[in-house]
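Engineer: After the sequence you'll find the predicted model.
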Amino acid sequence: MTEKSYKDINSFSKNKTISFKSLGEKNRRRMGLFIYLLITAAISLLFLIFGYEIAEYSQSLIETKSNDDNEIIANATPQNSVDLSFVTECTVNISVFNDKYLSEATGVIISADGYIVTNDHIYQDISNPKIFVFDSNGKKYEAEFVAGDSKYDVSVIKIDTDNHKYLTFDDNSELKKGDELFSVGRNGSITKGIVCDFLFEASDKSKSVKMIRTDCAVNPGDSGGPVVSDGKLVAINCSKTVSIDVEGMSYLLPSDIVKRAVNQLINDKKITDRAQLGISYKYISPVYAIQNNSISGIRIEIINADSDLYGKNFDEGDVIVALDGKEITSEYIFLEWLSNHRAGDTAELTIRKINGTDRKVNITFNSDSSYSSFFDE
């Protein structure tokens, strides 16, 4: 191309172009690779810079959150935590023994001067027993038997002390099914369960008191130990069901019964206000009555000579069908009614005679006496 051709670029015709020397294929690949590496390096650098900043920010958030959580945890009171240390300090081990036999149990100190509540069955088959008590510090005391009652399965013993830690029973507690319980046993062992039911029959015990059935584990030696709910002393251990078809059921004596019984055992050496109707009976359920064409209720088997029904023209086979006007549809209703009365109270019975006529009669409850398993010749 001559010099004349470049004098005036505007003189180029539209059919002419300016061209440069093209790069070779190999050089183009090198250039592309270089540019790619340069871009990759730049992006990596940006990721490193911004990634570090993000990580630092995230870590600061985590640390702040962790500190906040720690403050919350430090200031919070666990919902289900129960401090039983004082309860265990008032719980004692009891050994009842003679030359041949040994019975081990648990008890709870209920006064500063050393009165202790435990079960009455711990003396069974041990004549002329000695009673040793060991407190939570391992200190040994020789205890004196005060009094006991086999029907309530409550006993009181005493040790010589004048300033011991002690617990008082909460006789105003209103336990409900599902309430959480903590049972303290021998050597301060603790098990947890719930209130399962309320009933009037536990093992072979008399139906004289409404028991609390629970799934707290009760082991040999735990008899008489305190039971706590919501930080309050609400019962003592009594017994458990041992059977291949019953799963871990134990029975407790409610604190209102225990407290009332203890006061009488200390002051009168016996239970004085437990009401009795003075009859032997068989409960006839509504279903059984239909099946056997009979009457549902409390069928009288025997009327004792000390019963207020004695001599009032009632006979074996008559059926109590109502209590103070309330129909008897379960044995529980009858036992609950009986347990809510005291010796000397009066009540109205509706009794259906064998001939089908109903009679209403007012009766007065007598005192239901008992004895202790403690035997000292």
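Structural biologist: Yes, it's here. Numbers count the residues shown, from 1 in each chain.
Engineer: host element of residue 137?
Structural biologist: Taking DSSP states H and E as the definition, residue 137 sits outside all helices and strands.
Engineer: Let me see the contact set for it.
Structural biologist: By C-beta atoms under 8 Å, 6 or more residues apart in numbering, the contact list for residue 137 is empty. Just so you know, the C-beta spots here come from the backbone N, C-alpha and C atoms, and that holds for glycine as well.
Engineer: any idea how far the spatially closest residue to residue 342 that is not a sequence neighbour is from residue 280?
Structural biologist: Nearest non-adjacent residue to residue 342, counting by C-beta to C-beta, 6 or more residues apart in numbering: residue 273, 4.5 Å away. Distance from residue 273 to residue 280, counting by C-beta to C-beta, to the nearest Å: 22 Å.
Engineer: Name the residue in these two with the higher neighbour count.
Structural biologist: Neighbours per residue (other C-beta atoms under 10 Å) separate residue 273 from residue 280, with residue 273 holding more: 16 against 12.
Engineer: Residue 312 - nearest residue in space that isn't next to it in sequence?
Structural biologist: Per C-beta to C-beta, 6+ apart, closest to residue 312 is residue 361, 6.2 Å.
Engineer: Next secondary structure element downstream of the helix or strand of the chain with the lowest mean pLDDT?
Structural biologist: Among the helical and strand segments of the chain, the one scoring lowest on mean pLDDT, DSSP states H and E is helix 25-75, with a mean of 57. Where DSSP H and E defines the elements, the next helix or strand beyond helix 25-75 is helix 85-89.
Engineer: For residue 336, grab the count of nearby residues.
Structural biologist: 14.
Engineer: give the contact list for the nearest residue to it once chain neighbours are set aside.
Structural biologist: Nearest residue to residue 336 in three dimensions, chain neighbours excluded: residue 210, at 6.9 Å (C-beta to C-beta, 6+ apart). Contacts for residue 210 (C-beta under 8 Å, 6+ apart) come out as 198, 199, 200, 254, 257, 335, 336, 339.
Engineer: how near is residue 210 to residue 124?
Structural biologist: Counting by C-beta to C-beta - residue 210 and residue 124 are separated by 23 Å.
Engineer: circling back to that earlier point, check what pLDDT the residue nearest to residue 342 gets.
Structural biologist: As predicted, residue 273 sits at a pLDDT of 95.
Engineer: wait, isn't it in contact with residue 345?
Structural biologist: No - if you go by C-beta atoms under 8 Å, residue 273 and residue 345 don't touch, sitting 9.4 Å apart.
Engineer: the strands in the stretch 151-300 of the chain, which residues?
Structural biologist: Ranges of strands within the stretch 151-300 of the chain are 154-158, 180-184, 190-199, 211-214, 226-229, 232-240, 250-254, 275-276, 279-284, 297-303, based on DSSP state E, counting those that start in this stretch.
Engineer: Tell me which of those strands approaches residue 131 most closely.
Structural biologist: Distance to residue 131, taken as C-beta to C-beta, is lowest for strand 154-158 among the strands of the stretch 151-300 of the chain, at 5.9 Å.
Engineer: That closest one packs against which elements?
Structural biologist: strand 115-118, strand 144-149, helix 255-268 (3 or more C-beta pairs under 8 Å, 6 or more residues apart in numbering; DSSP states H and E).
Engineer: mind listing what residue 271 touches?
Structural biologist: By C-beta under 8 Å, 6+ apart, the neighbours of residue 271 are 149, 151, 152, 261, 264, 265, 367, 368, 369, 370.
Engineer: neighbour-wise, which of those leads?
Structural biologist: When neighbours are counted by other C-beta under 10 Å, residue 261 leads the contacts of residue 271 with 29 neighbours.
Engineer: Kindly provide the distance from residue 354 to residue 304.
Structural biologist: With C-beta to C-beta as the criterion, residue 354 and residue 304 are 20 Å apart.
Engineer: Got the domain ranges for the chain?
Structural biologist: Here the domain assignment for the chain is 24-76, 79-272, 275-367, based on automatic domain parsing.
Engineer: Mean neighbour count, the ones you listed: which tops it?
Structural biologist: domain 79-272 (a mean of 18; mean count of other C-beta atoms under 10 Å).
Engineer: circling back: of the helices and strands packed on strand 154-158, give the one that comes closest to residue 135.
Structural biologist: The nearest among the helices and strands packed on strand 154-158, by C-beta to C-beta, is strand 115-118 at 10.0 Å.
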